[in-house]
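Visitor: Predicted model follows, preceded by the sequence.
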Amino acid sequence: KHLTIIGNGTGTLTLNGKSNGQETLIMIEEDTGYFTLGIGGILANNTATNYGGAVYMKGGTFTMKGGTIANNTATNYGGAVYMKGGTFEMSGGSIANNTASEHGGAVYMAGGTFTMKGGTIANNTATSGFGGALSVDGDNNNKVTITLSGTAKISNNTATNGGGVFMKGGNTEITLSDNAEISNNKAVEGSVGTLGTGHGGGVHIDDGTFTMSNNAKIAGNTANTSGGGVYVKSGTFTMTGGSITNNTAEFGFGGALCVDGDNYKVTITLSGTAKISNNKAVEGSVGMLDTGHGGGVHVDDGTFSINESVIITGNKAKKNGGGVYVHSDGRFVMSGGEISDNTAATNGGGVCANTTGVFEMSNGKITENKATGSGGGVCMKDGSHYFTMSGGTISSNTATYGTGVYVGSIFNLNGEGTVNGVYLPNGKNITVTGELDGATKVTGIIPAIQQENVLVVDLAAVQMDYLSRFKLDESVKNFALKHQTSSTAGLVLVPT
């Protein structure tokens with residue numbers, strides 16, 4: 001029960017199917033079945049009415065050391081390979097130009113294990129479904145484990161969601177490591193105005209666990225709507241190394257990464273040397289309202305955390321949040337890392353939070369970001385959201401209003417931290433919610449309303465005199481800060 005297809009010397013051995021065929025070319029049904037495809041072996045030009053244009057597996061082992069699986073079609077799932085169980089090991093060769101009418105342009109997995117250490121999966125298409133290269137569905141009864149490592153490459157594939165990879169099911173695990181890459185794939189809308197499509201140019205996570213490390217990269221992918229690199233609807237995405245770079249969200253949100261929980265609690269954690277760079281979110285065409293947010297990351301109804309040496313840099317948003325945009329019930333936790341050199345065409349060069357979004361910063365730095373409008377480092381737009389800072393540095397950013405922080409909502413300060421350039425619209429102030437460390441300093445404060453007794457810093461929660469920690473901007477003439485003890489203790493403006 002062991003079939004091997006390998007070319008002879010420099011020649012090839014081709015197993016050609018039928019363009020109007022009914023079945024797959026190779027079927028492995030038993031756990032004891034083995035199929036090996038080596039250099040020079042070709043499985044091509046077959047059409048399967050249902051699943052697996054070239055290979056169908058219920059069990060057993062398929063080893064691909066070389067060769068080619070090309071130009072096959074499945075009218076349902078798995079243009080090249082369909083797996084309901086078993087083990088697929090790929091260390092070389094090419095799976096290219098295959099098509100599935102629905103899911104898994106190249107490979108569809110409903111169970112089993114897929115290990116890819118080399119070779120390429122390229123130019124495959126899921127015509128009206130998900131996962132241009134790879135579509136994975138692991139439910140409670142069928143665990144699916146995928147390891148992409150070594151020099152494995154998934155590129156130039158197309159689907160309506162998950163141009164490269166689509167995964168769902170809580171029993172699904174995907175690991176991307178070493179020098180493996182998911183690049184230049186595209187998620188396209190199923191039809192003009194189709195809701196819920198065009199997400200995740202590189203990867204679409206509908207559930208399960210995705211882990212990325214080492215020098216792996218997700219690069220150059222495009223989503224017609226959101227999540228140029230990665231789109232997360234539910235599940236967990238963890239990144240301890242590697243890069244998400246040069247991806248584009250054309251008419252939506254999140255050039256690199258879009259967290260769109262939609263009533264699901266999503267957890268995204270970046271640590272180690274993870275890097276998000278040079279991605280962009282582009283505003284939609286006429287009729288596409290309020291898009292172009294989150295050049296690097298868009299967070300909506302989920303938690304996004306960064307720490308250690310993580311870098312978010314060089315990203316661009318057509319509207320708000322050049323580095324990170326935090327929206328409805330989204331939460332961004334920054335306990336380390338760097339957000340630098342990002343650009344927003346309107347507000348929040350580094351970070352922008354809106355409606356009920358939350359930003360918590362305890363360490364790291366936000367520096368050299370730029371916004372044409374408000375909040376070069378951080379913009380807190382109108383709403384019930386808040387920014388709590390207990391550590392870190394915000395400096396050397398650029399904006400028309402609030403080079404460091406634009407306080408359109410609630411700015412809580414405690415612990416330690418350094419901020420340069422704070423703009424306070426009418427009725428807004430800095431609220432000290434806990435004891436300040438000796439190193440804490442906020443400079444370059446500009447109140448929009450400059451008149452006697454305007455509250456600049458609210459100290460009611462601590463009842464302490466922190467006058468030396470706060471300094472008005474040089475552009476504020478004829479006024480100084482003074483500590484005032486009253487029913488609401490704080491620092492207020494007084495004429496000089």
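Guide: Okay, I see it.

Visitor: any idea how far residue 242 is from the closest residue to residue 178 other than its chain neighbours?
Guide: Spatial nearest neighbour of residue 178, chain neighbours left out: residue 149 (4.4 Å); criterion: C-beta to C-beta, 6 or more residues apart in numbering. Any C-beta I mention is one placed from the backbone N, CA and C, and that applies to glycine too. Using C-beta to C-beta, to the nearest Å, one obtains 12 Å as the distance from residue 149 to residue 242.

Visitor: Tell me which of these two has more neighbours.
Guide: residue 242 (24 against 18; other C-beta atoms under 10 Å).

Visitor: And residue 324, how far from residue 381?
Guide: Distance from residue 324 to residue 381, by C-beta to C-beta: 13 Å.

Visitor: Residue 362 falls within a strand, correct?
Guide: Yes. Judged by DSSP: H, G, I helix; E, B strand; the rest coil, residue 362 forms part of a strand.

Visitor: so how many other residues sit close to it?
Guide: Here the number of neighbours of residue 362 (other C-beta under 10 Å) works out to 18.

Visitor: who touches both of residue 149 and residue 242?
Guide: 176-177 (C-beta atoms under 8 Å, 6 or more residues apart in numbering).

Visitor: And the residue nearest to the spatial centre of the chain, how far from residue 297?
Guide: The centroid of the chain falls nearest to residue 257 when counting by C-alpha atoms, centre = their mean (1.8 Å). Going from residue 257 to residue 297 by C-beta to C-beta gives 5 Å.

Visitor: anything in contact with each of the two?
Guide: By C-beta under 8 Å, 6+ apart, the residues touching both residue 257 and residue 297 are 276, 304.

Visitor: Please report how far the residue nearest to the centre of the chain lies from residue 279.
Guide: From residue 257 to residue 279 the distance is 8 Å (C-beta to C-beta).

Visitor: so residue 468 sits in a helix?
Guide: Yes. According to three-state DSSP, residue 468 belongs to a helix.

Visitor: re earlier: what's the overlap in contacts for residue 257 and residue 279?
Guide: 229, 244, 296.

Visitor: Got a PyMOL select line for the buried ones in those?
Guide: To isolate the buried subset of those in PyMOL, counting by 16 or more other C-beta atoms under 10 Å, use the following:
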select buried, resi 229+244+296
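
Visitor: Need the shared contacts of residue 257 and residue 279 in CSV (columns: pLDDT and distance to residue 494).
Guide: Supplementary listing: the shared contacts of residue 257 and residue 279 in CSV, determined by pLDDT from 0 to 100; distance: C-beta to C-beta, whole Å:
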residue, pLDDT, distance to residue 494
229, 98, 51
244, 98, 50
296, 98, 42
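
Visitor: now, which of the shared contacts of residue 257 and residue 279 sits nearest residue 443?
Guide: Taking C-beta to C-beta as the measure, residue 443 lies nearest residue 296 of the shared contacts of residue 257 and residue 279, at 27.0 Å.

Visitor: need the contact list for the nearest residue to that closest one once chain neighbours are set aside.
Guide: The shortest distance from residue 296 to any non-neighbouring residue, by C-beta to C-beta, 6+ apart, is to residue 315 (3.7 Å). Applying C-beta under 8 Å, 6+ apart, we find residue 315 in contact with 255-256, 276-280, 295-296, 322-323, 342-343.

Visitor: Mind checking which of the residues you listed land in strands?
Guide: 276-277, 280, 343 (DSSP state E).

Visitor: Since that was my last question, I'll sign off now.
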